[in-house]
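J.: give the three-dimensional model of this entry:
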Amino acid sequence: MSSENNKLGPPAGLPGSPSGSSLGSPAGLPESPSGSSLGSPAGLPGRSQRSSGDGAPSLLIVKLSSLGDLFHALPAVHNLKEGLGATVDWVVQREYSGMVACFDDVRRVIPFDRRGRDRRPGAFLKALRAERYDMVIDMQGLLKSALITRLARASRRLGPSFHREGSRLFYHAVAGRCDKARHAVEENLDPVRHLGLEAMPPAFPVTFPPRELPGSGPRVAVVPSSRWVTKDWTPAGFAAAARRLHEERGATVYLMGGPGDVARCADIERMMGGDVVNLAGKTSLVEMGSTLAAMDLLVANDSGPVHMAAAVGTPSLVLFGPTSPARTGPYGEAHRVVQSAPLDCRPCFMRACAPQHHRCMRDITADQVSQVALEMLDRTQAR
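T.: The predicted structure follows:
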(Lines give C-alpha, C1' and ligand atoms only; values in the text may rest on other atoms or scores of the structure.)
Protein backbone atom coordinates (compact mmCIF):
# COMPACT_ATOMS: atom_id res chain seq x y z
CA MET A 1 0.00 0.00 0.00
CA SER A 2 1.63 3.20 -1.12
CA SER A 3 0.51 5.26 1.87
CA GLU A 4 2.27 2.81 4.19
CA ASN A 5 5.51 3.06 2.27
CA ASN A 6 5.41 6.84 2.40
CA LYS A 7 5.05 6.80 6.18
CA LEU A 8 7.56 4.13 7.07
CA GLY A 9 11.12 4.94 8.08
CA PRO A 10 13.95 2.36 8.08
CA PRO A 11 13.67 -0.42 10.71
CA ALA A 12 16.55 -1.21 13.02
CA GLY A 13 17.50 -1.96 16.61
CA LEU A 14 18.30 0.44 19.41
CA PRO A 15 21.99 1.40 19.29
CA GLY A 16 24.01 2.72 22.17
CA SER A 17 24.02 6.40 22.95
CA PRO A 18 25.80 8.54 20.35
CA SER A 19 29.39 9.49 21.02
CA GLY A 20 29.61 12.34 23.47
CA SER A 21 25.93 12.31 24.41
CA SER A 22 24.88 12.60 28.05
CA LEU A 23 22.04 10.49 29.38
CA GLY A 24 21.98 12.03 32.81
CA SER A 25 18.76 12.66 34.70
CA PRO A 26 17.23 16.08 33.97
CA ALA A 27 16.86 18.05 37.15
CA GLY A 28 13.82 19.88 35.80
CA LEU A 29 12.43 21.68 32.80
CA PRO A 30 15.04 23.45 30.69
CA GLU A 31 14.84 27.18 30.42
CA SER A 32 12.33 28.39 27.88
CA PRO A 33 13.88 29.77 24.67
CA SER A 34 13.72 33.49 24.09
CA GLY A 35 10.48 34.55 22.49
CA SER A 36 8.74 31.23 23.10
CA SER A 37 5.11 30.99 24.10
CA LEU A 38 4.68 28.91 27.21
CA GLY A 39 0.94 28.42 27.13
CA SER A 40 1.00 24.90 28.54
CA PRO A 41 2.52 23.12 31.55
CA ALA A 42 5.10 21.36 29.37
CA GLY A 43 6.06 24.52 27.50
CA LEU A 44 5.84 23.86 23.78
CA PRO A 45 8.12 26.29 21.92
CA GLY A 46 6.75 29.25 20.02
CA ARG A 47 6.53 29.34 16.23
CA SER A 48 10.02 30.77 15.80
CA GLN A 49 11.54 27.71 17.49
CA ARG A 50 9.32 25.06 15.87
CA SER A 51 11.03 22.57 13.62
CA SER A 52 8.44 21.86 10.92
CA GLY A 53 8.47 24.16 7.94
CA ASP A 54 4.82 25.19 8.11
CA GLY A 55 5.07 26.54 11.66
CA ALA A 56 3.09 23.66 13.21
CA PRO A 57 4.61 22.01 16.29
CA SER A 58 6.08 18.57 15.69
CA LEU A 59 5.44 15.67 18.08
CA LEU A 60 7.08 12.28 18.35
CA ILE A 61 5.07 9.50 20.01
CA VAL A 62 6.93 6.53 21.49
CA LYS A 63 4.44 3.70 21.92
CA LEU A 64 6.09 0.42 20.99
CA SER A 65 3.41 -2.19 21.68
CA SER A 66 1.17 -4.11 22.06
CA LEU A 67 -1.70 -4.45 19.59
CA GLY A 68 -4.49 -3.35 21.92
CA ASP A 69 -2.33 -0.72 23.64
CA LEU A 70 -1.61 1.00 20.33
CA PHE A 71 -5.32 1.48 19.73
CA HIS A 72 -5.80 2.67 23.32
CA ALA A 73 -3.36 5.50 22.54
CA LEU A 74 -5.12 6.62 19.35
CA PRO A 75 -7.67 9.02 20.94
CA ALA A 76 -4.90 10.80 22.85
CA VAL A 77 -2.77 11.16 19.72
CA HIS A 78 -5.78 12.50 17.81
CA ASN A 79 -6.45 15.02 20.58
CA LEU A 80 -2.82 16.16 20.55
CA LYS A 81 -2.70 16.53 16.78
CA GLU A 82 -5.95 18.47 16.57
CA GLY A 83 -5.51 20.50 19.75
CA LEU A 84 -1.99 21.63 18.91
CA GLY A 85 -2.29 21.64 15.13
CA ALA A 86 0.75 19.35 15.23
CA THR A 87 2.45 16.89 12.93
CA VAL A 88 2.86 13.44 14.50
CA ASP A 89 5.55 10.81 14.00
CA TRP A 90 5.43 7.47 15.85
CA VAL A 91 8.10 4.98 17.01
CA VAL A 92 6.70 1.45 17.19
CA GLN A 93 7.95 -2.13 17.15
CA ARG A 94 8.64 -3.30 13.64
CA GLU A 95 5.86 -5.92 13.59
CA TYR A 96 3.25 -3.19 14.12
CA SER A 97 4.70 -0.60 11.74
CA GLY A 98 2.45 -1.39 8.77
CA MET A 99 -0.61 -1.12 10.98
CA VAL A 100 0.43 2.20 12.55
CA ALA A 101 1.00 3.51 9.02
CA CYS A 102 -2.78 3.18 8.61
CA PHE A 103 -3.41 5.59 11.52
CA ASP A 104 -4.75 8.72 9.85
CA ASP A 105 -3.00 11.20 12.16
CA VAL A 106 0.50 9.76 11.73
CA ARG A 107 2.84 11.39 9.23
CA ARG A 108 5.83 9.03 9.58
CA VAL A 109 6.39 5.67 11.28
CA ILE A 110 9.82 4.82 12.68
CA PRO A 111 10.08 1.03 13.16
CA PHE A 112 12.08 -0.26 16.12
CA ASP A 113 13.55 -3.77 16.24
CA ARG A 114 13.05 -4.79 19.86
CA ARG A 115 15.15 -7.95 19.38
CA GLY A 116 18.17 -6.02 18.08
CA ARG A 117 18.58 -8.34 15.10
CA ASP A 118 18.75 -5.68 12.41
CA ARG A 119 22.03 -5.65 10.50
CA ARG A 120 21.98 -1.86 10.22
CA PRO A 121 21.52 -0.64 13.81
CA GLY A 122 22.60 2.88 12.90
CA ALA A 123 19.60 3.27 10.60
CA PHE A 124 17.22 3.52 13.55
CA LEU A 125 19.19 6.30 15.19
CA LYS A 126 19.44 8.12 11.86
CA ALA A 127 15.66 7.93 11.36
CA LEU A 128 14.97 8.87 14.98
CA ARG A 129 17.21 11.93 14.84
CA ALA A 130 16.37 13.03 11.30
CA GLU A 131 14.16 15.79 12.69
CA ARG A 132 14.15 17.95 15.78
CA TYR A 133 10.80 17.66 17.58
CA ASP A 134 9.14 20.20 19.79
CA MET A 135 8.10 17.40 22.11
CA VAL A 136 8.54 13.64 22.41
CA ILE A 137 5.89 11.81 24.44
CA ASP A 138 6.65 8.37 25.84
CA MET A 139 3.34 6.50 26.14
CA GLN A 140 4.99 3.17 27.08
CA GLY A 141 6.79 4.07 30.30
CA LEU A 142 9.50 1.40 30.15
CA LEU A 143 13.28 1.79 30.24
CA LYS A 144 13.66 0.98 26.53
CA SER A 145 11.01 3.49 25.49
CA ALA A 146 12.52 6.12 27.79
CA LEU A 147 15.94 5.57 26.20
CA ILE A 148 14.41 6.10 22.76
CA THR A 149 12.73 9.22 24.10
CA ARG A 150 16.11 10.51 25.36
CA LEU A 151 17.92 9.73 22.10
CA ALA A 152 15.39 11.67 20.05
CA ARG A 153 16.16 15.31 19.30
CA ALA A 154 13.44 17.12 21.21
CA SER A 155 12.96 20.28 23.26
CA ARG A 156 10.73 18.53 25.79
CA ARG A 157 10.34 14.93 26.97
CA LEU A 158 7.06 13.92 28.58
CA GLY A 159 6.48 10.57 30.26
CA PRO A 160 3.33 8.67 31.37
CA SER A 161 1.92 8.43 34.86
CA PHE A 162 2.49 4.66 34.81
CA HIS A 163 6.27 4.88 34.24
CA ARG A 164 8.47 2.12 35.69
CA GLU A 165 11.95 0.53 35.40
CA GLY A 166 13.58 3.89 36.20
CA SER A 167 12.20 5.52 33.06
CA ARG A 168 11.24 8.66 35.03
CA LEU A 169 14.91 9.71 35.01
CA PHE A 170 14.73 10.49 31.29
CA TYR A 171 11.70 12.82 31.26
CA HIS A 172 11.39 16.54 31.91
CA ALA A 173 7.88 15.94 33.27
CA VAL A 174 5.29 13.23 33.87
CA ALA A 175 1.66 13.58 32.75
CA GLY A 176 -0.75 13.06 35.63
CA ARG A 177 -0.79 10.73 38.60
CA CYS A 178 -0.87 6.97 38.28
CA ASP A 179 -4.43 5.65 38.45
CA LYS A 180 -4.85 2.11 37.14
CA ALA A 181 -8.55 2.05 38.04
CA ARG A 182 -9.34 3.87 34.79
CA HIS A 183 -9.86 2.46 31.33
CA ALA A 184 -6.61 2.45 29.37
CA VAL A 185 -8.05 4.94 26.84
CA GLU A 186 -8.73 7.45 29.64
CA GLU A 187 -5.29 6.86 31.14
CA ASN A 188 -3.61 7.62 27.82
CA LEU A 189 -5.38 11.00 27.70
CA ASP A 190 -3.20 12.30 30.58
CA PRO A 191 -0.77 14.11 28.21
CA VAL A 192 -3.72 15.97 26.69
CA ARG A 193 -4.78 17.26 30.08
CA HIS A 194 -1.17 17.97 31.07
CA LEU A 195 -0.80 20.29 28.08
CA GLY A 196 -3.94 22.19 29.03
CA LEU A 197 -5.93 20.99 26.04
CA GLU A 198 -9.65 20.36 26.14
CA ALA A 199 -10.17 16.66 25.50
CA MET A 200 -12.44 15.86 22.57
CA PRO A 201 -14.72 12.79 22.59
CA PRO A 202 -12.48 9.75 21.99
CA ALA A 203 -12.02 8.97 18.30
CA PHE A 204 -9.96 6.26 16.59
CA PRO A 205 -8.90 7.61 13.17
CA VAL A 206 -7.63 4.60 11.22
CA THR A 207 -8.16 3.60 7.59
CA PHE A 208 -7.54 0.03 6.46
CA PRO A 209 -7.78 -0.83 2.74
CA PRO A 210 -11.08 -2.55 1.81
CA ARG A 211 -11.00 -6.32 1.40
CA GLU A 212 -13.27 -8.68 -0.53
CA LEU A 213 -14.40 -11.67 1.51
CA PRO A 214 -16.27 -14.87 0.66
CA GLY A 215 -19.59 -15.82 2.25
CA SER A 216 -23.09 -14.46 2.63
CA GLY A 217 -25.43 -13.37 5.40
CA PRO A 218 -24.23 -11.67 8.57
CA ARG A 219 -20.47 -11.80 9.00
CA VAL A 220 -19.12 -12.92 12.37
CA ALA A 221 -15.41 -12.99 13.21
CA VAL A 222 -14.22 -15.34 15.94
CA VAL A 223 -10.81 -14.80 17.57
CA PRO A 224 -10.44 -17.74 19.98
CA SER A 225 -6.92 -17.06 21.31
CA SER A 226 -5.15 -14.43 23.38
CA ARG A 227 -1.65 -13.87 24.74
CA TRP A 228 -2.54 -15.50 28.09
CA VAL A 229 -3.88 -19.03 28.31
CA THR A 230 -5.93 -17.95 31.34
CA LYS A 231 -7.94 -15.56 29.12
CA ASP A 232 -8.86 -18.25 26.59
CA TRP A 233 -12.34 -19.76 26.46
CA THR A 234 -12.64 -23.37 25.29
CA PRO A 235 -12.52 -24.28 21.56
CA ALA A 236 -15.68 -26.37 22.09
CA GLY A 237 -17.47 -23.33 23.49
CA PHE A 238 -16.51 -21.15 20.51
CA ALA A 239 -17.52 -23.91 18.08
CA ALA A 240 -20.94 -24.42 19.69
CA ALA A 241 -21.73 -20.69 19.84
CA ALA A 242 -20.56 -20.09 16.27
CA ARG A 243 -22.55 -23.08 14.98
CA ARG A 244 -25.74 -21.64 16.48
CA LEU A 245 -25.13 -18.27 14.78
CA HIS A 246 -24.65 -20.06 11.49
CA GLU A 247 -27.74 -22.26 11.89
CA GLU A 248 -30.17 -19.64 13.27
CA ARG A 249 -29.07 -16.51 11.40
CA GLY A 250 -27.23 -17.89 8.38
CA ALA A 251 -24.05 -16.16 9.55
CA THR A 252 -20.74 -16.73 7.82
CA VAL A 253 -18.14 -17.34 10.53
CA TYR A 254 -14.54 -16.23 9.99
CA LEU A 255 -11.91 -17.76 12.29
CA MET A 256 -9.00 -15.39 12.82
CA GLY A 257 -5.63 -15.47 14.55
CA GLY A 258 -1.89 -15.48 14.05
CA PRO A 259 0.42 -18.35 13.06
CA GLY A 260 0.38 -19.65 16.64
CA ASP A 261 -3.41 -19.96 16.56
CA VAL A 262 -3.66 -22.22 13.49
CA ALA A 263 -4.07 -25.49 15.43
CA ARG A 264 -6.72 -24.05 17.76
CA CYS A 265 -8.71 -22.63 14.86
CA ALA A 266 -8.40 -25.93 12.98
CA ASP A 267 -9.96 -27.71 15.97
CA ILE A 268 -12.89 -25.27 15.97
CA GLU A 269 -13.33 -25.67 12.21
CA ARG A 270 -13.42 -29.43 12.63
CA MET A 271 -15.99 -29.22 15.45
CA MET A 272 -18.15 -26.93 13.33
CA GLY A 273 -18.16 -29.41 10.47
CA GLY A 274 -16.39 -27.06 8.06
CA ASP A 275 -19.10 -24.34 7.97
CA VAL A 276 -16.50 -21.64 8.44
CA VAL A 277 -13.92 -19.48 6.65
CA ASN A 278 -10.63 -20.20 8.39
CA LEU A 279 -8.22 -17.25 8.06
CA ALA A 280 -5.92 -18.20 10.94
CA GLY A 281 -2.30 -17.48 10.05
CA LYS A 282 -3.30 -16.11 6.65
CA THR A 283 -3.61 -12.37 7.31
CA SER A 284 -1.22 -9.57 8.14
CA LEU A 285 -2.25 -7.10 10.84
CA VAL A 286 -3.39 -4.67 8.15
CA GLU A 287 -5.45 -7.42 6.49
CA MET A 288 -6.90 -8.33 9.88
CA GLY A 289 -7.97 -4.71 10.30
CA SER A 290 -9.57 -4.74 6.85
CA THR A 291 -11.39 -7.99 7.66
CA LEU A 292 -12.67 -6.79 11.02
CA ALA A 293 -13.93 -3.59 9.41
CA ALA A 294 -16.13 -5.74 7.14
CA MET A 295 -17.65 -7.74 10.02
CA ASP A 296 -21.06 -7.36 11.64
CA LEU A 297 -19.80 -8.82 14.92
CA LEU A 298 -16.64 -10.01 16.62
CA VAL A 299 -16.68 -12.75 19.29
CA ALA A 300 -13.37 -13.02 21.15
CA ASN A 301 -11.44 -13.36 24.36
CA ASP A 302 -9.86 -10.27 25.92
CA SER A 303 -7.25 -9.68 23.20
CA GLY A 304 -5.77 -7.08 20.85
CA PRO A 305 -8.15 -7.66 17.92
CA VAL A 306 -11.04 -6.56 20.18
CA HIS A 307 -9.62 -3.04 20.30
CA MET A 308 -8.89 -3.08 16.60
CA ALA A 309 -12.53 -3.99 15.95
CA ALA A 310 -13.76 -1.27 18.30
CA ALA A 311 -11.61 1.28 16.46
CA VAL A 312 -13.17 0.42 13.07
CA GLY A 313 -16.71 0.42 14.49
CA THR A 314 -17.41 -3.33 14.62
CA PRO A 315 -19.48 -4.41 17.65
CA SER A 316 -17.62 -6.86 19.86
CA LEU A 317 -18.76 -9.53 22.30
CA VAL A 318 -15.86 -10.20 24.64
CA LEU A 319 -15.40 -13.00 27.16
CA PHE A 320 -13.65 -11.88 30.35
CA GLY A 321 -12.19 -13.97 33.14
CA PRO A 322 -8.91 -13.08 34.89
CA THR A 323 -8.81 -9.49 33.62
CA SER A 324 -11.09 -6.50 34.14
CA PRO A 325 -13.42 -5.09 31.45
CA ALA A 326 -13.34 -1.76 33.31
CA ARG A 327 -9.65 -1.56 32.43
CA THR A 328 -9.32 -3.25 29.04
CA GLY A 329 -12.84 -3.86 27.81
CA PRO A 330 -13.85 -2.69 24.32
CA TYR A 331 -14.28 1.08 24.39
CA GLY A 332 -17.70 2.38 23.43
CA GLU A 333 -21.39 1.54 23.88
CA ALA A 334 -21.83 -0.88 20.97
CA HIS A 335 -20.05 -3.73 22.74
CA ARG A 336 -21.00 -6.40 25.28
CA VAL A 337 -19.04 -8.36 27.88
CA VAL A 338 -19.83 -11.90 29.07
CA GLN A 339 -18.50 -13.22 32.37
CA SER A 340 -19.15 -16.24 34.56
CA ALA A 341 -20.84 -15.99 37.95
CA PRO A 342 -18.82 -13.98 40.50
CA LEU A 343 -15.73 -15.68 41.92
CA ASP A 344 -13.62 -14.56 44.88
CA CYS A 345 -10.46 -14.86 42.78
CA ARG A 346 -11.69 -12.79 39.82
CA PRO A 347 -10.07 -10.68 38.52
CA CYS A 348 -6.63 -12.06 39.39
CA PHE A 349 -4.66 -10.64 36.41
CA MET A 350 -2.57 -13.83 36.41
CA ARG A 351 -1.12 -15.66 33.41
CA ALA A 352 -1.49 -18.97 35.27
CA CYS A 353 -4.53 -20.04 37.29
CA ALA A 354 -3.32 -20.47 40.90
CA PRO A 355 -6.27 -22.68 41.98
CA GLN A 356 -5.86 -24.51 38.64
CA HIS A 357 -9.60 -24.66 38.01
CA HIS A 358 -9.83 -21.90 35.39
CA ARG A 359 -13.49 -21.53 36.36
CA CYS A 360 -13.72 -17.86 35.40
CA MET A 361 -13.57 -18.96 31.75
CA ARG A 362 -14.77 -22.55 31.88
CA ASP A 363 -18.04 -21.61 33.62
CA ILE A 364 -19.05 -19.40 30.69
CA THR A 365 -21.53 -21.41 28.61
CA ALA A 366 -22.08 -21.53 24.86
CA ASP A 367 -25.75 -20.68 25.45
CA GLN A 368 -24.75 -17.46 27.25
CA VAL A 369 -22.44 -16.39 24.46
CA SER A 370 -24.68 -17.36 21.56
CA GLN A 371 -27.74 -15.68 23.07
CA VAL A 372 -25.94 -12.36 23.50
CA ALA A 373 -24.40 -12.70 20.04
CA LEU A 374 -27.80 -13.31 18.46
CA GLU A 375 -29.20 -10.21 20.17
CA MET A 376 -26.26 -8.12 18.93
CA LEU A 377 -26.61 -9.44 15.38
CA ASP A 378 -30.33 -8.68 15.35
CA ARG A 379 -29.63 -5.14 16.53
CA THR A 380 -26.97 -4.68 13.86
CA GLN A 381 -29.19 -6.03 11.09
CA ALA A 382 -32.09 -3.80 12.18
CA ARG A 383 -30.07 -0.62 11.65
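J.: quick one: the strands in the stretch 51-200 of the chain?
T.: Secondary structure of the stretch 51-200 of the chain (DSSP state E, counting those that start in this stretch): strands located at 58-62, 87-93, 108-113, 135-138, 157-160, 173-175.
J.: ok, the residue nearest to the spatial centre of the chain - contacts?
T.: Centroid-nearest residue in the chain: residue 70, 2.4 Å away (criterion: Cα atoms, centre = their mean). When the contact criterion is Cβ atoms under 8 Å, 6 or more residues apart in numbering, the partners of residue 70 are 63, 92, 96, 99-100. (C-beta placed from N, C-alpha, C; glycine too.)
J.: kindly recompute the last result at 6 Å.
T.: Under the criterion of Cβ atoms under 6 Å, 6 or more residues apart in numbering, residue 70 has no contact partners.
J.: out of the strands of the stretch 51-200 of the chain, which gets nearest to residue 342?
T.: Distances from residue 342 to each of these were compared using Cβ to Cβ; the shortest belongs to strand 157-160, at 32.1 Å.
J.: tell me the strands beside the closest one, with direction?
T.: Using DSSP bridges, the strands paired with strand 157-160 in its sheet are strand 135-138 (parallel), strand 173-175 (parallel).
J.: contacts for that strand next, please.
T.: Under the contact criterion Cβ under 6 Å, 6+ apart, strand 157-160 has outside partners 42, 136-139, 141, 149, 171-175, 191.
J.: and which of those is nearest residue 310?
T.: Proximity of these to residue 310, judged by Cβ to Cβ, is greatest for residue 139, which lies at 18.3 Å.
J.: residues near the closest one, how many?
T.: Close neighbours of residue 139, defined as other Cβ atoms under 10 Å, add up to 26.
J.: just give the nearest non-adjacent residue to it, would you?
T.: Nearest-residue entry for residue 139: residue 63, 4.2 Å, with adjacent residues in sequence omitted and distances by Cβ to Cβ, 6 or more residues apart in numbering.
J.: doesn't residue 138 make contact with the one you found?
T.: No. If you go by Cβ atoms under 6 Å, residue 63 and residue 138 don't touch, sitting 8.1 Å apart.
J.: these two - which one has more neighbours?
T.: The neighbour comparison of residue 63 against residue 138 (other Cβ under 10 Å) goes to residue 138, with 30 against 26.
J.: correct me, but the more buried one touches residue 145?
T.: Yes. Residue 138 lies in contact with residue 145 (Cβ under 6 Å); the separation is 5.0 Å.
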